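*Asks:* no sequence on this one, just coordinates:
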């Protein structure tokens, strides 16, 4: 396994983490089901994993007359294969400072997590939809295991406060309309950085 850091040096850009404060539910059991489904696809296509597959290859396998893939297997695997493809494209776009196109990938990712992998929840969808409509926002998607938790928003720093206010307002309206006990979202502004690394001290 290898990785490559993608520098983001534009000081006008930030990531806003919005915690729905909905506790993760059904995560372990539901994710085991999804992994088992994806493993089944890999086995049927004689692959060790879904990584070698491209979106077009997966689609062609599903559309074959003698295809062994079920609709559910195809939808679950399509999310994974598309997400791998999106990740590579996202790294390229960030390197080129193409934030609008990067944001579109984030939006597509959330739609896929919601509709194909089915790991979102109404609270996350409200947060994402609200953020996506705001000026200064490039894109938004859920992050983490799903069924609760947080979303991440790529946006201009200048838009942060307006986005936070609107999210608080629409999140409150969502709970009022559903009759559920209201929960307040919490925010963490995360400017791009090099991330965690080991620090060594020489003891005298």
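*Replies:* Here it is on my side, so go on. This structure is a prediction, so every number in the text was calculated from the model and none was measured. Numbering: from 1, shown residues only.
*Asks:* which SSE is immediately downstream of the longest helix seen in the chain?
*Replies:* What stands out as the longest helix in the chain, according to DSSP state H, is helix 71-95. As assigned by DSSP states H and E, the chain's next helix or strand after helix 71-95 is helix 99-115.
*Asks:* by mean pLDDT, which helix or strand of the protein comes out lowest?
*Replies:* Of all helical and strand segments in the chain, the minimum by mean pLDDT, DSSP states H and E falls on helix 27-44, at a mean of 91.
*Asks:* contacts made by that helix with the rest, please.
*Replies:* With contacts defined as C-beta atoms under 8 Å, 6 or more residues apart in numbering, helix 27-44 is touched by 48-50, 68-69, 72-74, 76-77, 80, 117, 119, 145-147. In this view, the C-beta of every residue, glycine as well, is placed from N, C-alpha and C.
*Asks:* ranking by neighbours, what's the top pick from those residues?
*Replies:* residue 77 (26 neighbours; other C-beta atoms under 10 Å).
*Asks:* so where's the chain uncertain?
*Replies:* 25-27, 204 (pLDDT under 70).
*Asks:* thinking again about what came up before, list just the nearest of the contacts of helix 27-44 to residue 163.
*Replies:* Comparing the contacts of helix 27-44 against residue 163 with C-beta to C-beta places residue 146 closest, at 21.8 Å.
*Asks:* how near is that closest one to residue 120?
*Replies:* Relative to residue 120, residue 146 is positioned 6 Å away (criterion: C-beta to C-beta, to the nearest Å).
*Asks:* common neighbours of these two, please.
*Replies:* Common neighbours of residue 146 and residue 120 (C-beta under 8 Å, 6+ apart) are residue 113.
*Asks:* tell me the buried residues in the longest helix of the chain?
*Replies:* Using 16 or more other C-beta atoms under 10 Å as the test for burial, helix 71-95 gives 73-84, 86, 90, 93-94.
*Asks:* check what contacts that helix and list those residues.
*Replies:* 4, 6-8, 34, 37-38, 40-41, 44, 50-51, 53-55, 58-59, 62, 69, 99, 101-102, 105-106, 108-109, 112-113, 116-117.
*Asks:* let's see it at 6 Å
*Replies:* Contacts of helix 71-95 with the rest of the structure, by C-beta atoms under 6 Å, 6 or more residues apart in numbering, involve 6, 8, 34, 37-38, 40-41, 50, 53, 55, 58, 62, 101-102, 105, 109, 112, 116-117.
*Asks:* likewise stretch 136-144?
*Replies:* So stretch 136-144 is contacted by 99-100, 103, 106-107, 109-110, 113, 120, 124, 128, 131-132, 150-156, 159 (C-beta under 6 Å, 6+ apart).
*Asks:* what subset of those is buried?
*Replies:* Buried by 16+ other C-beta under 10 Å: 99, 103, 106-107, 109-110, 113, 120, 124, 128, 131-132, 150-156, 159, out of the contacts of stretch 136-144.
*Asks:* next up, the contacts around residue 203.
*Replies:* Contacts of residue 203 by C-beta under 6 Å, 6+ apart: none found.
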